[in-house]
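*Asks:* A predicted structure for the sequence below; I have some questions about it.
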Amino acid sequence: MSGVLQGFGVIGAIVLVGYVLGRSEVLGDSGRDVLAKISFYVGTPALLLTMLADSDVRVLFSSPLLVTALSTFAAAALFVLVALWRRWNIRRTTIGALCSSYVNAGNLGIPVAVYVLGDASLVAPVMLFQLLVMTPIGLTVIDFAQSGETASTWTRLLAPFKNPIVICSLLGVALSLLGWRIPGPVAEPLTLLGHLSVPTVLLAFGISLRGSQLPAGGAERWPVLVSVGLKSFAHPVIAWVIGAGLFGMEGAALFAVVVISALPAAQNLFVYASRYNVGVRLARESILLSTILSVPVLVTVTALLG
C-alpha cells in the first residue's frame, strides 16, 4: 500500500500549500477563481490534447472497461434518482452525479495501479472513458441547463463545442485515430502548459478549504452525503457485482476493476463546478470526504480480493 500512501501524500502536500495561501490571502479574494480558470481554459485542455493524441483509443473496447463504464453509469444514475426525488436542480444534480462516479484515475489511480495492481496501464482506459464520455456528457448537460429555455436550439446545441475541454478532447481523439503526431515545436509548449493542470487544480482546491466545515450544512448536506456514500461504498460494490455476477470475472481482473472503482472523486470536478459556479461546495466536500474514506476502503478491498 506504499503507492496509495505516496499518492495521497503528494496530493495532500499541494492541497496544504493551497490552504496556506488561502489562509494568508496572498492571492487575494480572486486567487481560487484565477487558478481554476487557468486549469479549465489552459492547463487541462493542453493536457488532454497531448495525452489523447498519444493514446490508443482502441483500448476503450475491453471487458474490464465495460464493467467500469456500467458501474460508473449505475452510481451516477443512483444519484440522479435521489435528486429527482428530492427535486434538486439539474446543474447541481450533474455535479453530484459526477462526484458519485468519476474516479481520480490520474493523481491517485496511477500510483495505485503501479503499487497495488502492478500495472499502470490498467488506468489508461478508465482515464480515456472519463475524458471522452463522462466529461463531455456532464459538461454538455450543464451547458444546456445554463443556456436557459429562452436560448435557441442551435445555440444550445453549439454550447458544448465552445468548451475548451471538449474541443481539445475531440481534437486529441481525431489526431490519435488519424495517426498524426503533434509537431515538436507545438507539442513542447503544449506539454509544458499541460503541466499546469494538476497543481493549479490542487492549489485552488486547497484555497477553497479555508473556512470549510464537514460535513456540509444547509442545502448541501444531503447532496454531499449521498455522493460520498455512492462514491466510497456503492460504486466499488456495484463494480464487484457486475464484474463477478454478469461477466464472471475473478482473481486479478476482478480485483483491478473494484480497486479502480474505489478511487475517490477526481479533483478536476471542482474545477468544473467552479467554472460554472454551480455546486462548488458540493464538489469540494465530496472530493475531500471521498478521498479521506478511500484509504480504509482501498485497504479493505485489498484484504478481501487482493
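*Replies:* Yep, it's here.

*Asks:* which one is A187 nearest to, not counting chain neighbours?
*Replies:* Closest residue to A187 apart from its sequence neighbours, by C-beta to C-beta, 6 or more residues apart in numbering: T50 at 6.4 Å. Placement of C-beta: from N, CA and C, glycine included.

*Asks:* which residues are in contact with stretch 297-306?
*Replies:* Contact with stretch 297-306 is made by 1, 4, 112, 116, 232-233, 236, 240, 254-255, 258-259, 262-263, as judged by C-beta atoms under 8 Å, 6 or more residues apart in numbering.

*Asks:* Would you mind measuring from the residue nearest to A187 to N104?
*Replies:* T50 is 20 Å from N104, where distance means C-beta to C-beta, to the nearest Å.

*Asks:* Ok, F73 next?
*Replies:* 18 Å.

*Asks:* neighbour-wise, which of those two wins?
*Replies:* N104 (24 against 16; other C-beta atoms under 10 Å).

*Asks:* tell me the contacts of that one?
*Replies:* Contacts of N104 by C-beta under 8 Å, 6+ apart are L263, P264, A265, A266, Q267, T291.

*Asks:* run the last query once more with 10 Å
*Replies:* Listed by C-beta atoms under 10 Å, 6 or more residues apart in numbering, the contact set of N104 reads 7, 11, 110, 112, 123, 130, 263-269, 287, 290-291, 294.

*Asks:* now P236
*Replies:* Counting by C-beta under 10 Å, 6+ apart, P236 touches 71, 75, 103, 257-263, 294, 297-298, 300-301, 305.

*Asks:* and which of those residues is nearest K162?
*Replies:* The closest of the contacts of P236 to K162 turns out to be V103 (C-beta to C-beta; 27.0 Å).

*Asks:* Quick check, that closest one in contact with Q267.
*Replies:* No. The criterion here is C-beta atoms under 10 Å, and V103 misses it with Q267 at 11.2 Å.

*Asks:* what about the stretch 151-300 of the chain, any weak spots by pLDDT?
*Replies:* Confidence mapping of the stretch 151-300 of the chain against pLDDT under 70 gives the ranges 151-161, 211-219.

*Asks:* Helices along that one, start to end?
*Replies:* Under the criterion DSSP state H, counting those that start in this stretch, helices of the stretch 151-300 of the chain are mapped to 153-158, 164-178, 184-194, 197-208, 221-229, 235-240, 251-261, 268-276, 280-305.

*Asks:* For the ones you listed, give me TSV that also has distance to L98.
*Replies:* TSV is the format used below for the helices of the stretch 151-300 of the chain (distance: least, C-beta to C-beta, whole Å):
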stretch	distance to L98
helix 153-158	20
helix 164-178	13
helix 184-194	22
helix 197-208	14
helix 221-229	9
helix 235-240	12
helix 251-261	15
helix 268-276	5
helix 280-305	8
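
*Asks:* Let me know the pLDDT of the closest residue to P164 other than its chain neighbours.
*Replies:* Nearest residue to P164 in three dimensions, chain neighbours excluded: P45, at 4.3 Å (C-beta to C-beta, 6+ apart). On the pLDDT scale, P45 is placed at 85.

*Asks:* Now do the contacts for P45.
*Replies:* With contact taken as C-beta under 10 Å, 6+ apart, P45 is in contact with 39, 163-169, 171-172, 190, 193-194, 197.

*Asks:* how about 8 Å then?
*Replies:* P164, I165, I167, C168.

*Asks:* how far away is it from S100?
*Replies:* Applying C-beta to C-beta to P45 and S100 gives a distance of 25 Å.

*Asks:* ok, now L305?
*Replies:* Distance, L305 to S100, by C-beta to C-beta: 22 Å.

*Asks:* Those two: which is more packed in?
*Replies:* Using other C-beta under 10 Å as the criterion, L305 and S100 rank with S100 on top: 29 against 18.

*Asks:* related to what we said a few turns ago, check which helix or strand covers the residue nearest to P164.
*Replies:* Using DSSP states H and E, P45 sits in helix 44-53.

*Asks:* what about that helix, distance to the chain center?
*Replies:* Averaged C-alpha coordinates place helix 44-53 at 15 Å from its chain's average position (C-alpha atoms, centre = their mean, to the nearest Å).
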